[in-house]
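[1] kindly return the folded structure for what I paste below:
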Amino acid sequence: MKAIRVHAYGGPEVLRLEDLPLPEPGPNEVRVRVEYAGVNYIDTYRRRGLYPVPLPFTLGEEGAGVVDKVGEGVSAFRPGDRVAWSNVLGAYAEYQVVPASRLVPVPEGLSTRLAAALLLQGMTAHYLVEATYPLKPKQVAVVHAGAGGVGQLLIQLAKERGATVVATASTEEKRAIARARGADFALGYEGFARVVREITDGVGADVVYDGVGQATFEESLDALRLRGMLVLFGQSSGPVPPFDPQVLNRKGGLFLTRPSLHHYTASRAELLFRAGEVFRRVLEGRLEVHVGAEFPLAEAAEAHRLLEGRKTVGKVLLKV
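    Next comes the predicted model:
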């Protein structure tokens, strides 16, 4: 089978298309014929060594496809079933072995393509607004990178909960996309904290959902109200450097958390719940998923270049 492998940490050029033996599922595992793999910022963190894993490895933490073979002890799935998964390394490949406990069934009426585009980012947006900082009506939420895959979903889910959404994006084209998804305000990054204060009559936002990291961190804190929360869930601009926690006190007794999807899908019950919630919203027409770019597996490096260069909007997929 073909797979995208990483033998050394670095830029997109380290991604290599290679031939590998077809993997065999062990007990409680399932071999899936991958149809689509999601391209996410966590893949770039893995590639660069920010989230190190032993070398060499096959990249990709999200995919969808068809069950090809099941291992001993697997009764919930059988060959031919359509499934999706996230947070399991190895999706940039024609076949992947996945623990049965991490697979979710793709419901009738939802394409495998949309399932791959939705699962990781959809569940991320869901836990952020439903669990990490459960938004209430009329609260003010700042959503960074509002035209990105997570950003577009976050805006929609935040509006569903009755919040006022202030989105940021780097270009007017991207800000228009954020507004189209329901953002009440769409700003550039420069001086956004000051504008948020103006919008809120000097009070500040209740929460900032920040997947950008280093470039927005300080202003994200400045944009918050007394006892507001900064939810730092990514670092597309780079990791936030160490800082003095006393800063949180000086800026108003602020809260800071650094969650990840793994923490909010730790049990199978919670995984099925979150996946089911986002799948249901799409099927009911309450949540729109925008696939902004699609590449063949062999062009994974180009997908990474465009994603890191902020040249994409919405979801980026590899068609395997």
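[2] just the C-alphas of stretch 167-182, formatted as PDB.
    Coordinates of each C-alpha in stretch 167-182 appear next as PDB, following Å, rounded to 0.1, in the frame of the first residue of the first chain:
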ATOM      1  CA  ALA A 167     -14.300  36.400  14.600                       C
ATOM      2  CA  THR A 168     -10.900  37.200  13.400                       C
ATOM      3  CA  ALA A 169      -9.300  36.500  10.100                       C
ATOM      4  CA  SER A 170      -6.300  37.700   8.100                       C
ATOM      5  CA  THR A 171      -8.100  39.000   4.900                       C
ATOM      6  CA  GLU A 172     -11.300  40.600   4.000                       C
ATOM      7  CA  GLU A 173     -12.200  37.500   1.900                       C
ATOM      8  CA  LYS A 174     -11.800  35.300   5.000                       C
ATOM      9  CA  ARG A 175     -13.700  37.800   7.200                       C
ATOM     10  CA  ALA A 176     -16.600  37.700   4.700                       C
ATOM     11  CA  ILE A 177     -16.700  33.900   5.100                       C
ATOM     12  CA  ALA A 178     -16.800  34.200   8.900                       C
ATOM     13  CA  ARG A 179     -19.700  36.600   8.600                       C
ATOM     14  CA  ALA A 180     -21.500  34.300   6.200                       C
ATOM     15  CA  ARG A 181     -21.200  31.500   8.900                       C
ATOM     16  CA  GLY A 182     -22.900  33.800  11.400                       C
END
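[3] can you give me the helices in the stretch 151-300 of the chain?
    With DSSP state H, counting those that start in this stretch as the criterion, the stretch 151-300 of the chain has helices at 172-180, 192-199, 217-222, 246-250, 261-264, 268-283, 300-308.
[4] what's the closest of these to residue 17?
    Smallest distance to residue 17 across the helices of the stretch 151-300 of the chain (Cβ to Cβ): 7.7 Å, for helix 300-308. (Each C-beta comes from the backbone N, C-alpha and C, glycine too.)
[5] flag every buried residue along stretch 197-211.
    Of the residues in stretch 197-211, 197, 199, 200, 204, 205, 206, 207, 208, 209, 210, 211 count as buried by neighbour count, 16 or more other Cβ atoms under 10 Å.
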